[in-house]
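Engineer: Requesting a structural model of the entry that follows:
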Amino acid sequence: MKIIVVHILPIHKYPPTFSILHALNDLGHEVQLITTNMSSSSKSICESLNIDVINLETKYNIKSNLLIKFIEMFKIKKAIWDIIENENDNNTLIWVFDNSIKFMKKAFINKRYIVHFFELYDELRYYKKLPYPKINQKLVCRNAVKVIHCEYNRSFIAMAKLRLKRLPVTIPNKPYYNISFNKNSEITTSKEIRSLMEKLEGKKIILYQGLLTSERPLEEYIKAVEKLGEDYAFVVLSGGKNIYEGLNSTNYYFIPFINPPYHLEITSHAYIGILSYYPTYNEVSSPLNALYCAPNKLYEYSMFGIPMVGNNIPGLTIPFEKFNCGITVEEVIEDEIINAIKNIENDYKQMSLNSKSLYSSVDVKKIINKEVLNDLNIGN
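Structural biologist: Here you go, the predicted structure:
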């Protein structure tokens, strides 16, 4: 089957997109990717998979002003539609991610398409800061051959909110790459990072990787690890600004963004992984995204059997308790975090094995083949 994957904005910042591309390729489908401003490393990965890439160079990005966004959106729309309108509907499937729906013309609802959500949205807008025009989320989802969410509870919430006849398929944000990494992998990304990791050798690395935002506070975790002493190191791996350097912690270290999947070289050295999610409120995204979080780092940590610590929300408490692979704290304060780390250390070997069980519990390729594509009756 030919599958056109549409993902506007650079895909190296969206590891779940890479997982879908890898899985579709391994399932033997002809995959074409339409994206924008693709990095050289992303191009190399797609070339290695023989994925046909249409890379649209554009001035559009999240920080662009409204006029540039407006002009560039029409250019991107036209470019995408020039490709899609020539496809045979009976033999081609369009796989569009939620951040790309606004770049599709309305006529795409008459095509065969899947819509894949990274987030729950109270509203889908063309421009976040403007209330109008809005995208008809119900219409887009009801006309899709499949709707996908990345977390079990989000699928039910979406079905109820949008009054869908069928439950969306849940595909967790588990990494799926054609490159494997071992525990304590060699650091190949840069000499500076390799030097840092050599400096930290022998220390118990408490790792947070991901965005640094108000929704994901880390200050108490950093202070807790500082109090634990020099045998520990708190490491942040993020593409954001180093907002915690002012804490003056003697065992806090910051590593800038590394292109996936090579960030996993750093992950492989972690002793305990940190997850932090608090609801934020705005006119567009739902606060339920934080409560029912769907972090790819849940699986990036568990890939290496790394136990985890996080705050008490359903998206973390449920998998932690089901697999006994992590501990959530009722109140995110230094003493409770320290107790959680100590409790993990008292049962580290078993919790590490349990963490690996969490990782093994999800088969992305099987879900896509059985629950997404199997009953579509689209020509091969």
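Engineer: Just give me how far stretch 227-244 sits from the chain centre.
Structural biologist: 21 Å (CA atoms, centre = their mean, to the nearest Å).
Engineer: Look at it and report the distance between its end residues.
Structural biologist: Length of stretch 227-244, first residue to last, CA to CA, to the nearest Å: 16 Å.
Engineer: Can you give me the buried ones in that stretch?
Structural biologist: In terms of neighbour count (16 or more other CB atoms under 10 Å), stretch 227-244 has its buried residues at 228, 232-238, 244. Heads up, the C-betas are built off the backbone N, CA and C, glycines and all.
Engineer: Contacts for it, please.
Structural biologist: Residues outside stretch 227-244 that contact it (CB atoms under 8 Å, 6 or more residues apart in numbering) are 13, 200, 203-213, 218-219, 221-222, 225-226, 249-258, 263, 266-267, 270, 334, 338, 341.
Engineer: Generate a PyMOL selection restricted to the buried entries among the residues you listed.
Structural biologist: Buried residues within the contacts of stretch 227-244, by 16+ other CB under 10 Å, are selected in PyMOL with:
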select buried, resi 200+203+204+205+206+207+208+209+210+212+218+221+222+225+226+249+251+252+253+254+255+258+263+266+267+270+334+338+341
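Engineer: now, which of the contacts of stretch 227-244 lie within strands?
Structural biologist: Under the assignment DSSP state E, these contribute 204-209, 252-256 to strands.
Engineer: Closest to residue 102 out of these?
Structural biologist: Comparing these against residue 102 with CB to CB places residue 209 closest, at 28.9 Å.
Engineer: Spit out the contact partners of the closest one.
Structural biologist: With CB under 8 Å, 6+ apart, residue 209 has these contacts: 236-238, 263, 266-267, 273, 297, 300.
Engineer: next one: residue 280
Structural biologist: Residue 280 neighbours (CB under 8 Å, 6+ apart): 213-215, 287, 290.
Engineer: Show the buried residues in the residues you listed.
Structural biologist: Among the contacts of residue 280, those scoring as buried are 215, 290 (criterion: 16+ other CB under 10 Å).
Engineer: Determine which two of the buried residues of stretch 227-244 are furthest apart.
Structural biologist: 228 and 238 (21.4 Å).
Engineer: Confidence-wise, which of the contacts of residue 280 comes last?
Structural biologist: Least confident of the contacts of residue 280 in the model: residue 214, at 86.
Engineer: nearest residue to it other than its sequence neighbours?
Structural biologist: residue 280 (6.2 Å; CB to CB, 6 or more residues apart in numbering).
Engineer: same deal with residue 340?
Structural biologist: Spatial nearest neighbour of residue 340, excluding adjacent residues (CB to CB, 6+ apart): residue 327 at 4.3 Å.
Engineer: swap in residue 70?
Structural biologist: Spatial nearest neighbour of residue 70, excluding adjacent residues (CB to CB, 6+ apart): residue 127 at 7.9 Å.
Engineer: from what I can see residue 29 touches residue 1, true?
Structural biologist: Yes: counting by CB atoms under 8 Å, residue 29 touches residue 1, with 5.0 Å between them.
Engineer: what number of residues lie near the residue nearest to residue 70?
Structural biologist: A total of 13 residues lie near residue 127 under the criterion other CB atoms under 10 Å.
Engineer: What pLDDT is listed against it?
Structural biologist: pLDDT for residue 127: 78.
Engineer: ditto for residue 74
Structural biologist: At residue 74, the predicted lDDT confidence score is 90.
Engineer: okay, now it: neighbour count?
Structural biologist: For residue 74, the neighbour count with other CB under 10 Å is 10.
Engineer: where does it land in three-state SS?
Structural biologist: helix (DSSP: H, G, I helix; E, B strand; the rest coil).
Engineer: can you pull the contacts of residue 179?
Structural biologist: residue 261.
Engineer: Quick check: it is in a helix.
Structural biologist: No: going by three-state DSSP, the assignment for residue 179 is coil, not a helix.
Engineer: gap between it and residue 325?
Structural biologist: According to CB to CB, to the nearest Å, residue 179 stands 24 Å off from residue 325.
Engineer: now do residue 101
Structural biologist: 35 Å.
Engineer: Check residue 335 too.
Structural biologist: Taken as CB to CB, the span from residue 335 to residue 325 is 23 Å.
Engineer: Looking at those two now, which is surrounded by more residues?
Structural biologist: residue 325 (27 against 12).
Engineer: Look up phi and psi at the more buried one.
Structural biologist: Backbone torsions of residue 325, given as degrees, to the nearest 10, read phi -120, psi 10.
Engineer: Touching, it and residue 357? I think so.
Structural biologist: Yes: using CB under 8 Å, residue 325 is in contact with residue 357, at 7.3 Å.
Engineer: Quickly list what's touching both of those two.
Structural biologist: With CB under 8 Å, 6+ apart, residue 325 and residue 357 have no common neighbours.
Engineer: Which residues are in contact with residue 17?
Structural biologist: Residue 17 makes contacts with 5, 7, 11, 97, as judged by CB under 8 Å, 6+ apart.
Engineer: Give me the buried positions along the helix or strand containing it.
Structural biologist: Under the criterion of DSSP states H and E, residue 17 resides in helix 15-26. Under the neighbour-count criterion of 16+ other CB under 10 Å, helix 15-26 has 15-25 buried.
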